[in-house]
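# Need the 3D shape of this:
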Amino acid sequence: MSGKFTVFTGKNGETYFNLKAANGEIILKSEGYRDKASAHNGIESVRKNAPDAARYEKKTSVNGKFHFNLKAANHQVIGSSEMYESEHSRDAGIASVRANAPDAKLIEG
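Have a look, this model is predicted:
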């Protein structure tokens, strides 16, 4: 698989990144960072932690939809998913992050 990280500046001036699957779908979003260097550190943390199934926190929202967070070893959230209609879809999203993140290219936006 050939995923990619895209780095961009939000309207609030903070730097964000998304992990996109080969089909261009966003499979993981970051929090806002003060600068690009911090966002790049976040990307490296995603690359390092993504293969480890224990780093994923599976969640269900109050409206019954499913999502997940990817956490670093210190338990800090380093990326969050979109909302999914089923647990199966959420788990497929996790599998996609695990497969795409380690070797994903970095695209500055």
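# Helices of this protein, start to end?
For the chain, the helices defined by DSSP state H occupy 36-49, 87-100.
# Now do the last one against helix 36-49, angle only.
Using axes from the mean of the first three to the mean of the last three C-alpha atoms, to 10 degrees, the direction of helix 87-100 lies 110 degrees away from that of helix 36-49.
# I'd like to know which elements helix 87-100 is packed against.
strand 15-20, strand 26-29, strand 56-60, strand 66-71 (3 or more C-beta pairs under 8 Å, 6 or more residues apart in numbering; DSSP states H and E). From N, CA and C alone the C-beta is placed, and that goes for glycine too.
# For the nearest residue to residue 83 once chain neighbours are set aside, grab phi and psi.
Spatial nearest neighbour of residue 83, excluding adjacent residues (C-beta to C-beta, 6 or more residues apart in numbering): residue 65 at 4.1 Å. Dihedral pair for residue 65: phi -90, psi 160, per degrees, to the nearest 10.
# from memory residue 65 sits against residue 81, does it?
No: contact between residue 65 and residue 81 fails when scored by C-beta atoms under 8 Å: they sit 10.4 Å apart.
# In CSV, list the helices of the chain along with mean pLDDT and mean neighbour count.
Supplementary listing: the helices of the chain in CSV, determined by pLDDT from 0 to 100; neighbours: other C-beta atoms under 10 Å:
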stretch, mean pLDDT, mean neighbour count
helix 36-49, 97, 17
helix 87-100, 97, 17
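# want to throw those helices into a markdown table with distance to residue 16?
Converted to a markdown table, those look like this (distance: least, C-beta to C-beta, whole Å):
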| stretch | distance to residue 16 |
| --- | --- |
| helix 36-49 | 7 |
| helix 87-100 | 16 |
